[in-house]
Structures are given as C-alpha cells and as structure tokens.
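A.B. asks: This is the structure alone, sequence omitted:
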C-alpha cells in the first residue's frame, strides 16, 4: 500500500525550524508551541519524514497561533525515512509500524491532558493518518483529520467514534478518490458521528506538508487544506 508517492518531494529536515521548542512529552521528544494556558490541544502525527520537517512545524505554529496548544511528537524515534540511503520504504516501515506509534501516542495524550487540556484533536499525514484514525476514539481525542492517508482502510473508518474529516488528493495512488468515496459512504452512514471528505483537485499525495514553498499554486492548495483542518478543530475541539 505504500509506494513512490509516499516518498515524493522529501523535505530538508531542520531541527531549528519553527518558533516553538522541543521537550519530552510522554517519553518522546516533541515539538510544542502554543499557550500553556490553553485548554485545547492539537496533536500532529507526521509522515515518514518525521517531526523536523519544516512545513509541518510551520503548520504547527499556524495552529498554535489560532489558540491551540500543539504537540508534534517524534514517533519515529530519531529515525525518519531517508530516500536512497540503502533502506527501502518497505524495510523502514517494518521498523516503524503504526501500531507502535499508536501505543506511543497514549502516554503523550496523557501528558497533554495533565497540563489541564480538556479537549484534543489529532491530525495525521500519510503514514501518520493511520495513527490518527486509531486514535479517533472518545477516550483519546475529540476530533480527527486524516490528510492523504496511506494505510487507512474502510474498516478503520467504520471504527471512528469522533468527528472525522478526510482530506485527499485527486492524484493519489495510495488513497485514490474511489477509496475516499467509500470512506465518505461509511461516515455518512454513521449518523452518530460527523464526517467530512474532501478531494482536492489537481494535487498529489502529500501536498499538505511536502509542497514547494516557491510554488504559489502549491502553497495555496496546501493552505486551503490547512484552513479546512483548522475549521474542523475549531468546530469540534472545544
């Protein structure tokens, strides 16, 4: 289920990007930003390139500016995927299962709640979307956003218990529009859970965090998705 699109447009990782800071949260190094007095939090789960990706940290800063406490944990334990470094993506995934990241997320969420946070949203990107959908239970979070999901299945969507939005790309071999339409059908049938599926035209898998900052069109498409995500959290994480 993973392929070349999972690795397209790799970012240049930079641990100094962003106006937040890194601290230990629930046993993981975590990029954090936002008011420590906020009662609302957003957890971001990265793609295979990890929590030092500049566009991801910029997005974290944007969410923090909207009033949320934001946490971006290093679920990859200092070992992001590096293309053309002698290890295939499939081999890397064997060492970085989303089930383990889901378990790692539980103490992170507890650490966030211990700060006085009363509501949490989670957004997962590509690889991280599988973690996001696993967290989409009332005991963990209040809302989820899955952006160009890589491993999410129809059965996963059937299990969500909190409002869940799926933002996908027109050109996506991993989570194609046909699959997203199935997600939409499942969410529509779940009357007890609000769902939303949007397919962005003329963009490819990974467009929300692996865009070229010099490409105005790419930036605009990414920012539209970011705004949709923020609106979802503003509505349901309160």
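C.D. replies: Structure's in. What do you need? Bear in mind that the values here come from a model prediction, so they are computed numbers and not experimental data. Numbering: from 1, shown residues only.
A.B. asks: Name the SS class of the residue located most distally from the centre of the chain, please.
C.D. replies: Relative to the mean C-alpha coordinate of the chain, counting by Cα atoms, centre = their mean, the farthest residue is residue 86 (26.7 Å). The three-state assignment at residue 86 reads coil, by DSSP: H, G, I helix; E, B strand; the rest coil.
A.B. asks: so what's the backbone phi/psi at it?
C.D. replies: Dihedral angles phi and psi of residue 86 (degrees, to the nearest 10) take the values phi 90, psi 0.
A.B. asks: what's near enough to touch it?
C.D. replies: Going by Cβ atoms under 8 Å, 6 or more residues apart in numbering, residue 86 touches no other residue. C-beta: built from backbone N, CA, C; applies to glycine.
A.B. asks: per-residue pLDDT, it?
C.D. replies: According to the predicted model, the pLDDT of residue 86 comes to 87.
A.B. asks: Check which helices and strands the helix or strand hosting residue 185 sits against.
C.D. replies: Using DSSP states H and E, residue 185 maps to helix 177-189. If contacts are counted by 3 or more Cβ pairs under 8 Å, 6 or more residues apart in numbering; DSSP states H and E, helix 177-189 sits against helix 154-158, strand 164-171, strand 195-204.
A.B. asks: Only the buried residues of that helix, if you could.
C.D. replies: By 16 or more other Cβ atoms under 10 Å, the buried positions in helix 177-189 come out as 177, 179, 180, 183, 184, 186, 187.
A.B. asks: before we move on, what SS does the residue nearest to the spatial centre of the chain have?
C.D. replies: Nearest residue to the geometric centre of the chain (Cα atoms, centre = their mean): residue 124, 1.8 Å. With three-state DSSP as the basis, residue 124 sits in strand.
A.B. asks: is it true that it touches residue 147?
C.D. replies: Yes: counting by Cβ atoms under 8 Å, residue 124 does reach residue 147; the two are 7.0 Å apart.
A.B. asks: which residues touch whichever helix in the chain runs longest?
C.D. replies: The helix that spans the most residues within the chain, counting by DSSP state H, is helix 216-236. Residues outside helix 216-236 that contact it (Cβ under 8 Å, 6+ apart) are 40, 42, 55, 59, 62-63, 66, 68, 121, 123, 142-143, 145, 147, 162-163, 165, 167, 194, 196, 198, 200, 202-203, 207-209, 211-213.
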